[in-house]
Each structure stands twice: as structure tokens, then as C-alpha cells.
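J.: dropping a prediction and its sequence here:
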Amino acid sequence: MTHFGVDYYPEHWPRERWPIDARMMREAGIGLVRMGEFAWAKMEPVEGQFDFAWLDDAIGVVAAEGIQTVLGTPTATPPAWVIERNPEILPVDNTGAVRGFGGRHHDCQSNETYRGHIRRIVRAMARHFFANPHVVGWQIDNELGNSHRSLCFCGSCARAFRAWLRVRYKTIEALNQAWGTVFWSQTYSTFDQVPVPLPTPNSHNPSLLLDWKRFCSDLIVDFQRLQVAILREECPRQFVTHNYMGLFDKTNYCDLAEDLDFIAHNQYPLHFRKDRYPVAPPERLAATLDLMRGIKRKPFWIMEQQAGPSGWETVSSTPRPGQLRLWTHQAVARGADTIVYFRWRTCLFGTEQFWHGILPHSGEPGRRYDEIKRTISELAPVMDRLGDGGQGAEVAMLWSYEQQWAFQVQPHHPDFDYVAHLMTYYRAMYEARVPIDLISERMDLSPYRLVIAPLMFLMTPELEAKLRAYVAGGGHLVLTMRTGVKDRNNQIIPHTLPGPLADVVGVRIDDYDCLWGVSQGVRWLAEGSALAGPCQKWCDIPRLEGARPLALYTTDYYAGTPAITENAYGQGRAYYAGTELPPVVMKAFMAHALAEANVAPLVATAPEGVEVARRRGRGADYLFLLNHTGTPVDFRLPLQWTLLIGPEPTADAVLRLGPYEVATCISA
């Protein structure tokens with residue numbers, strides 16, 4: 001199996017350069033390239049006239065060096081002649097303005113005329129390349145949902161939305177009932193009256209907004225399925241995947257994964273936009289990778305791994321020596337089977353002139369090339385032994401796109417963020433060096449001793465029964481604030497919170513408080529503990545009905561009431577955390593929950609900034625030590641660990657990891 005690759009754009013470079021690139025790739029240990037995903041205009045310069053000869057030649061050049069090819073369908077970049085002939089495929093934004101040609105994803109994914117163009121180009125590619133022994137698989141489009149966050153609201157999408165609603169609700173009376181359209185005289189007499197959510201003088205119905213988000217995600221899934229069906233028909237021996245964007249929320253990635261052989265992901269620790277992390281915290285990178293593995297509970301690919309500074313109009317910082325190696329090891333540790341670096345050589349033109357690759361603009365290999373070459377040479381033998389083993393996690397956290405969308409519609413507090421809240425729990429596990437799987441609500445919970453289910457805002461009878469059965473059967477469950485507030489249609493459920501799960505957690509929620517303009521604190525109750533700190537954003541105020549308190553609120557009218565509770569139910573245990581906890585209290589809470597669930601960390605102690613991850617292999621566990629700091633740290637190797645990669649330990653088994661240094665060990 002090929003474990004390392006690179007994203008390559010032969011159409012950007014003279015043909016005489018291709019053999020030079022292919023030779024240097026092979027010398028670096030690269031065995032795979034992704035090509036073609038943005039080359040529609042070159043493959044079909046005029047409608048129905050295809051030119052694949054240049055791509056045949058490029059595939060042949062890299063194949064001569066033993067390098068396989070993954071082809072991307074080019075549907076993210078419809079060429080100018082398509083737009084000129086059919087301007088109606090241009091997308092409409094959420095102000096009603098048409099977005100023009102240029103950039104990428106300048107398309108409406110519901111438009112049947114555009115889909116006709118897609119059927120033609122994808123089928124032509126598939127029929128041409130299905131028998132090429134050097135083409136091993138396909139990537140659908142590129143980063144589906146990217147650039148479409150505020151798109152598309154055109155007439156075609158309005159008709160598609162209404163058709164989607166007809167399937168979901170069957171009758172307009174059922175829709176009116178589910179959405180509560182009696183409010184503000186919004187009752188509809190036909191589906192054709194239902195609008196797409198363009199700006200109104202006030203706010204849209206929250207049920208409409210949640211269904212719009214569901215529709216947009218389903219549309220993207222259907223857009224991918226259109227292409228997958230063609231490739232399955234024409235190219236049955238080649239795999240089909242798509243490159244995800246980590247914690248991106250436009251698309252339900254669990255749904256998108258159903259039609260794929262495996263998922264791929266684009267991992268960029270450094271970013272250039274001011275609305276993103278300039279340097280992603282290592283635990284956020286780890287969470288992204290854990291989610292990618294958790295979506296299908298199987299290994300995944302990195303289809304774009306950062307290989308240099310990123311940038312369009314502005315430019316990110318430069319990866320420090322060792323960071324490219326560090327990020328590669330982190331991805332492998334958390335489930336990546338293949339690493340494809342973006343990109344081979346930094347482009348000389350276009351929007352991504354400053355999105356740097358392994359090679360700089362000059363094309364001369366330098367520090368980044370040498371570091372990646374070293375990384376490939378040391379990791380490839382280890383990756384052959386990993387198989388499809390996961391982390392062996394005994395803890396899971398539920399990740400739900402629908403819960404996230406519901407909070408986007410009504411976030412309660414202006415600073416509330418679904419992902420940030422879940423990260424408070426993930427960070428506690430990461431810092432405790434406890435493996436954790438991020439999985440959907442649909443998945444089986446029985447393999448896990450402890451399940452964290454934050455923000456179960458939308459509750460269904462099926463989900464309630466699943467969580468109840470998990471605890472009754474011996475599982476340990478953490479529920480949090482705003483559990484059981486609404487039904488699947490985004491309407492309030494008229495019960496005392498947390499509704500049917502009240503007996504499981506042993507509390508009733510009589511009151512709650514949005515911490516906007518007011519403050520509150522939490523104190524951990526363990527004997528002799530002085531752990532306390534300010535909580536954030538929201539407080540559910542529980543009344544005990546069988547549970548015992550683990551922490552109390554400290555101020556205002558509900559000082560002394562429980563903030564965290566614990567309850568025995570059936571053979572298991574359930575916790576309720578009513579607020580976003582301060583880090584010191586979160587650490588104590590998770591330590592308690594882990595101990596009660598009999599879950600042990602991978603190591604007892606590790607230096608701050610050192611990530612410890614485990615991946616199951618064939619007959620052994622592989623432990624990865626990752627120093628995310630710019631300073632040296634010392635780590636004492638446990639006796640049962642044998643070092644495979646990393647600096648030589650001292651006589652007393654102390655491993656000194658330099659800045660951004662890594663080590664890999666084996667433990668039988």
C-alpha cells in the first residue's frame with residue numbers, strides 16, 4: 001500500500017519539468033499523486049471535445065517512477081464557456097445577489113443544467129481512465145461546501161427546498177404543525193409559499209432555519225452521489241473518496257461518508273485568514289483527526305497535509321523546523337493511513353501563488369523537502385504494521401451536526417459556540433492522555449465505558465431510549481446544560497428539563513440563567529478541595545431528585561445549588577453538568593468520571609505540551625510522543641515501551657525531545 005503522496009498540477013508546469021518532478025518525488029519516498037481536480041477547462045476546452053492526452057502523459061511520467069495516481073473530478077471549477085452558455089448556474093447569495101465567475105465553486109449544485117454538464121465530464125473521464133492500471137482511485141470534486149456557506153438561494157434551490165420539504169412532511173398541514181407557523185401568522189397553504197431564508201425585517205422561524213440547514217447538507221450529499229454513481233458504474237475497481245475539511249459544519253460529514261470507500265481530510269495547522277486560528281492548538285488538530293476516524297470508525301487519508309506557509313491575499317507563518325514531521329506523525333497516530341502533502345511546488349500564478357508547497361517557487365528542493373523525505377523514510381515501515389487498528393478508546397464523545405445547527409440558529413449567548421464547548425471536554429481528555437473517539441449519535445455506544453454527550457438540545461424518543469439503555473446496562477454518561485429542550489423539528493418540548501432523562505440523571509431543571517452581563521462561579525466539592533473558578537455563558541439550575549452534587553454554584557440567588565451532579569441508574573452512572581466549566585473544575589470532574597468508569601490514561605504523567613497517542617497495530621500497540629512546543633522536554637519511557645523512532649534515551653530511560661521532536665514506541 002502507498003502511504004505517502006503529493007498533490008500535483010502538471011498543467012501548471014512545462015512538460016520538460018514533469019520527469020524532474022517525478023524523479024524527485026520518488027527519491028523523497030512519494031508513491032502517489034492527486035491530479036486533475038481543477039483542470040476542467042484543459043480537459044474539455046469546448047463542450048463535448050475532450051483532451052485527456054496531456055493527463056495520460058502526466059500519469060505515464062509519474063508511473064515510470066513507480067507513482068500511482070488519484071484523479072479528482074473537476075466539478076469545483078466549471079470553465080468560462082459553461083458559464084457563458086448557461087449563466088443560470090451561477091449561485092445566489094443570502095442577500096439575493098448573483099455571485100460571478102472566478103475563484104471556484106461558482107455554481108449552484110441543485111441546477112439541473114449544471115448537473116448535465118457534470119454527468120458529461122465525469123462519465124467521459126471515467127470511461128477514459130477506468131482501465132488505466134496507474135489510476136487507483138477518485139476524489140469527488142474538492143472540499144464540498146467550501147465557498148457555499150452563504151450559497152445558494154436561487155430559484156432552482158428554492159424549488160429543490162420545497163421538493164425536499166414535500167418528501168419530509170408529505171402535507172402542508174404537517175409542515176405547519178411541525179414548524180408552529182401559527183406564530184406571527186406564518187401559516188402556509190401550499191409548499192410553493194415557503195421561502196428560502198433571505199433576510200427579513202426580523203428573524204425567520206427557527207424550525208425553517210434548521211430544515212434549511214438540513215436541506216443544504218442533503219443537497220451536497222446528493223451532488224456527490226450523482227458523481228459517485230457514475231464512477232461506481234464505469235470504474236468498479238477504483239476507490240472513491242472525498243476530501244473533508246475537519247470541523248467544517250455546512251455538511252453533515254456522517255451522511256457524506258456513506259457513499260465513500262473511505263474519507264479523506266485536509267489538515268492545515270497554519271492558516272492565513274483572520275477569522276481562523278493563525279496556529280491551531282494541538283488539541284484542536286487532534287480532535288479533528290479523531291472525528292475523521294470516528295465518522296466511519298475506520299482509517300482515513302489526509303488528502304492535503306500542510307507542506308509550507310498557506311496564503312491567498314495574506315500569508316500564514318512558516319512551519320518551524322520539525323513541524324511538518326510533527327504534524328505527519330500526529331495524523332498517523334490518530335488514524336491516517338496515507339498522507340498526501342499539499343502541494344508539490346508553489347504556484348507562480350493565480351489565487352494560491354503564496355500557498356506554499358514542498359518545493360518553493362524556484363522548484364529547488366530545500367529544508368521542507370528534506371524534512372518530508374526524512375519523515376517518509378522513518379514512518380513508512382511503521383505504517384505497514386498498523387493495519388486498520390484504531391485508538392482502542394474506552395471513552396467517546398457524541399458529535400452532532402444537527403445539534404450544532406440548532407445552536408447556530410439560536411445560540412442563546414452571543415459568544416456561545418458548539419465546537420468550542422465540546423472542546424472543553426475534549427481538551428480535558430487530551431491533557432489527561434486518555435484516548436477518546438468522536439462519534440455520531442447513530443453509533444453503537446456499548447464499546448465505551450464512558451460517553452460524553454454535550455448539548456443534547458434536540459431530543460428524540462429514539463435518542464432518549466438509547467442513552468437510557470446505555471446507562472442502565474452499565475455505561476457511564478455525561479450530559480450537560482440544555483439537554484432535552486427541543487424536538488427534532490426545533491420546537492420546545494413542554495416538559496420540565498431534562499425531560500424523560502430526568503430519572504436517569506436524578507435532577508430536575510427548574511430554572512436557568514444566561515450569563516450575559518452577569519457572572520457566576522463553580523466550586524468543586526471533593527473533601528479538602530479548593531478548586532473553583534468562573535463558569536461561562538449559561539447555567540442550568542438543577543434540583544436534586546436522587547443525584548448527589550459534585551460541584552456547587554458560588555454566587556447570586558442560586559449560590560449553593562448544584563452545578564454538577566452524579567446519579568446511579570441501573571448498572572451505570574449518569575452525570576449532569578449545568579454550565580460551561582472552568583478548566584480546573586473540568587479537570588477534576590473528568591478525573592472523577594474516568595476513575596469511576598475505570599478508565600486509565602496512557603501514561604501517568606507527561607511534560608506539558610507533549611501529546612501522547614496510541615494506535616493499535618498488528619499484535620502490538622504503537623505509542624506516539626509529540627512535542628508541540630518550541631522547547632526541549634524530558635520524558636521517562638515506561639519499561640514496557642521499546643523505542644522505534646526518536647532520539648536515543650539516556651541510561652535511565654529518559655528521552656529528551658527537542659523542539660517539535662517526535663518519538664514512536666512499540667508496546668506489546
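T.: Ah, there it is. Because the structure is a prediction, the values reported are computed rather than measured.

J.: which SS state does the residue nearest the centre of the chain fall under?
T.: In the chain, the residue lying closest to the centroid (CA atoms, centre = their mean) is residue 246, at 2.6 Å. Recorded secondary structure, residue 246: coil (DSSP: H, G, I helix; E, B strand; the rest coil).

J.: SS state for the residue lying closest to it once chain neighbours are set aside?
T.: Nearest non-adjacent residue to residue 246, counting by CB to CB, 6 or more residues apart in numbering: residue 288, 4.0 Å away. Placement of C-beta: from N, CA and C, glycine included. Recorded secondary structure, residue 288: helix (three-state DSSP).

J.: show me what contacts residue 288?
T.: Residues near residue 288 by CB atoms under 8 Å, 6 or more residues apart in numbering: 246-247, 265, 267.

J.: state the distance from it to residue 263.
T.: Separation of residue 288 from residue 263 (CB to CB, to the nearest Å): 12 Å.

J.: residue 620 too?
T.: In this structure, residue 620 and residue 263 are 26 Å apart, going by CB to CB.

J.: please say which of the two ends up with more neighbours.
T.: The residue with more neighbours, out of residue 620 and residue 263, is residue 263; 22 against 15, by other CB atoms under 10 Å.

J.: how close does the more buried one get to residue 251?
T.: Taken as CB to CB, the span from residue 263 to residue 251 is 12 Å.

J.: list the contacts for the residue lying closest to residue 661 once chain neighbours are set aside?
T.: Leaving out its chain neighbours, the residue that sits closest to residue 661 by CB to CB, 6+ apart is residue 627, at 5.0 Å. For residue 627, the contact set (CB under 8 Å, 6+ apart) comprises 326, 607, 609-610, 633, 657-662.

J.: what's residue 627 sitting at in phi/psi?
T.: phi -90, psi 100 (degrees, to the nearest 10).

J.: list the contacts for residue 262?
T.: So residue 262 contacts 239, 241, 296, 298-301, 337 (CB under 8 Å, 6+ apart).

J.: and it, how far from residue 569?
T.: Residue 262 is 38 Å from residue 569, by CB to CB.

J.: what does residue 212 give?
T.: 37 Å.

J.: who has more neighbours out of the two?
T.: residue 212 (22 against 19).

J.: check which element follows the strand or helix carrying residue 382 along the chain.
T.: Residue 382 belongs to helix 367-383 when elements are defined using DSSP states H and E. Sequence-wise, the next helix or strand downstream of helix 367-383 (DSSP H and E) is strand 395-398.

J.: pull up the pairing partners for that following strand, direction included.
T.: The strands beside strand 395-398 in its sheet (DSSP bridges) come out as strand 436-439 (parallel), strand 450-453 (parallel).

J.: give me the contacts around the first one.
T.: It stands for strand 436-439. With CB under 8 Å, 6+ apart as the criterion, strand 436-439 contacts 287, 290-291, 293-295, 297, 390-391, 393, 395-399, 426, 429-430, 448, 452.

J.: one more: the last one?
T.: Here strand 450-453 makes contact (CB under 8 Å, 6+ apart) with 394-398, 425, 436, 445, 467, 470, 475-480, 483, 593-594, 597, 599.

J.: average pLDDT for the next helix or strand after that strand?
T.: Counting by DSSP H and E, the next helix or strand C-terminal to strand 450-453 is helix 461-472. On average, the pLDDT along helix 461-472 is 98.

J.: what's the following helix or strand after helix 461-472?
T.: That would be, after helix 461-472 and using DSSP H and E, strand 476-480.

J.: mind saving the C-alpha coords of that next one as CSV?
T.: C-alpha atoms of strand 476-480 as CSV (Å, rounded to 0.1, in the frame of the first residue of the first chain):
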residue,chain,number,x,y,z
HIS,A,476,-21.2,6.0,32.5
LEU,A,477,-22.8,9.0,30.7
VAL,A,478,-22.1,12.7,31.0
LEU,A,479,-25.0,15.0,30.0
THR,A,480,-24.7,18.8,30.0
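
J.: in the top helix by length along the chain, which residues are buried?
T.: In the chain, with assignment by DSSP state H, the single longest helix is helix 206-234. Residues of helix 206-234 classed as buried by neighbour count (16 or more other CB atoms under 10 Å): 206-224, 227-228, 230-231, 234.

J.: right, so of the strands paired with strand 395-398, which gets closest to residue 189?
T.: Closest approach to residue 189 among those (CB to CB): strand 450-453, 39.9 Å.

J.: off-centre distance for that closest one?
T.: Centroid displacement of strand 450-453 relative to its chain, using CA atoms, centre = their mean, to the nearest Å, is 19 Å.

J.: one step back: now list the buried members of the contacts of residue 627.
T.: Here, 16+ other CB under 10 Å leaves 326, 610, 633, 657, 659-662 buried among the contacts of residue 627.

J.: next, format the residues you listed as a markdown table and append distance to residue 77.
T.: Below are the buried ones among the contacts of residue 627 laid out as a markdown table (distance: CB to CB, whole Å):
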| residue | distance to residue 77 |
| --- | --- |
| 326 | 33 |
| 610 | 42 |
| 633 | 45 |
| 657 | 43 |
| 659 | 40 |
| 660 | 35 |
| 661 | 40 |
| 662 | 37 |
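
J.: out of those residues, the closest to residue 36 would be?
T.: Ranked by distance to residue 36 (CB to CB), the buried ones among the contacts of residue 627 are led by residue 326 at 30.4 Å.

J.: could you list every residue that touches the closest one?
T.: Taking CB under 8 Å, 6+ apart, we find residue 326 in contact with 626-628, 660-662.

J.: low-confidence ranges, this protein, go.
T.: Residues of the chain meeting the criterion pLDDT under 70: 668.
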